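> Need the 3D shape of this:
(one chain, ligands or ions: 1)
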Amino acid sequence: MSETSSRNEIHRFTDTATLVRATAERFVDAVVASQKARGSAAVVLTGGGTGIALLEHVRDNPGTINWAALDVFFGDERFLPAGDPERNEVQAHQALLDHVPVDPARVHVMAASDGAYGSDPVTAAAAYAEVIDVFAAERTGPLFDVHLLGMGGEGHVNSLFPQTDAVREEHQYVVAVTDSPKPPPVRITLTLPAIRSANEVWLVVSGEAKAEAVAAAVGGAPPVEIPAAGARGHTTTRWLLDQAAASQLPT
Ligand SMILES: O=C(O)[C@H](O)[C@@H](O)[C@H](O)[C@H](O)COP(=O)(O)O
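Sure, this is the predicted structure:
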């Protein structure tokens, strides 16, 4: 998948609560607009405090989303047993998906470590790639409408950490990670080529601890050093930041 040429859009909000509220409202609008334009929408959710808080806000303020016409994917998953509270999909279900009439067949969860593919994350990653392939065959245009991303202080997005094989992956859309520097070590993740197959990529980031990596990513750092720098949408790459996270950007 080639690099896209979409430009960075920067949006700054006074504090984390305002960032979460504004992002949730934009997310609802984006889903509704995609459903209006093509009949359904496809989104990729992210874990992390900001990503889950925004889902809670969407739960309480869902606008006119047609839940039956929504495909939900996950950007990464901690490869843990089903139901483990550390799993991103468990948190997303608790925050939003258990409370709205989504079609369970359209919520595309990555396998658990005690699931259908056993404890081998490589097989589980290949199974998720197959799920994406089946979906892609039915879809025209960019694979996902919006890919939400949080970012770690060293610039990781999904489970793509600096200087790893996963962040260097140029072809496969889904890979296993077995040595994540952030626990748990075993994960499944969408890669940069998968992220770049989204029409819009939204990086939702809060806090001073992220400011240096935000500035490096927006400034065009090599993705192998700052993975977020390689997260680009087809048409839009949108940084949604609180003031603290934006504090090292040029004004
Ligand atoms: O899988 C993980 O370990 C986390 O989910 C992680 O990738 C998180 O998304 C980012 O670190 C941003 O997290 P915050 O939004 O909490 O800062």
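> drop to CA atoms for contacts and neighbour counts, all remaining ones
Fine.
> gap between the helix ranked longest in the chain and the chain center?
If you go by DSSP state H, the chain has its longest helix at helix 16-38. Mean-position distance between helix 16-38 and its chain equals 14 Å (C-alpha atoms, centre = their mean, to the nearest Å).
> What are the buried residues along that helix?
16, 19-25, 27-35 (16 or more other C-alpha atoms under 10 Å).
> for L149, phi and psi?
phi -140, psi 140 (degrees, to the nearest 10).
> Tell me who's in contact with the nearest residue to it once chain neighbours are set aside.
Leaving out its chain neighbours, the residue that sits closest to L149 by C-alpha to C-alpha, 6 or more residues apart in numbering is L203, at 4.7 Å. Contacts for L203 (C-alpha atoms under 8 Å, 6 or more residues apart in numbering) come out as L148, L149, G150, M151, T237, R238, W239, L240.
> hang on, L203 in a helix?
No - assignment of L203 by DSSP: H, G, I helix; E, B strand; the rest coil gives strand, placing it outside any helix.
> So the longest helix of the chain, near the ligand or not?
No - judged by C-alpha under 6 Å from any ligand atom, helix 16-38 and the ligand are separated, with a smallest distance of 10.2 Å.
> ok, then the element right after that helix?
strand 41-45 (DSSP states H and E).
> so that next one versus helix 16-38, what angle?
150 degrees (axes from the mean of the first three to the mean of the last three C-alpha atoms, to 10 degrees).
> Quick check, pLDDT for the residue nearest to L149.
We have a pLDDT of 98 for L203.
> what does S6 give?
Reported pLDDT for S6: 72.
> What separation is there between it and A231?
10 Å (C-alpha to C-alpha, to the nearest Å).
> Touching both of those two, which residues are there?
With C-alpha under 8 Å, 6+ apart, S6 and A231 have common neighbours T237.
> and these two? which has more neighbours close in?
Between S6 and A231, A231 has the larger neighbour count (other C-alpha atoms under 10 Å), namely 29 against 16.
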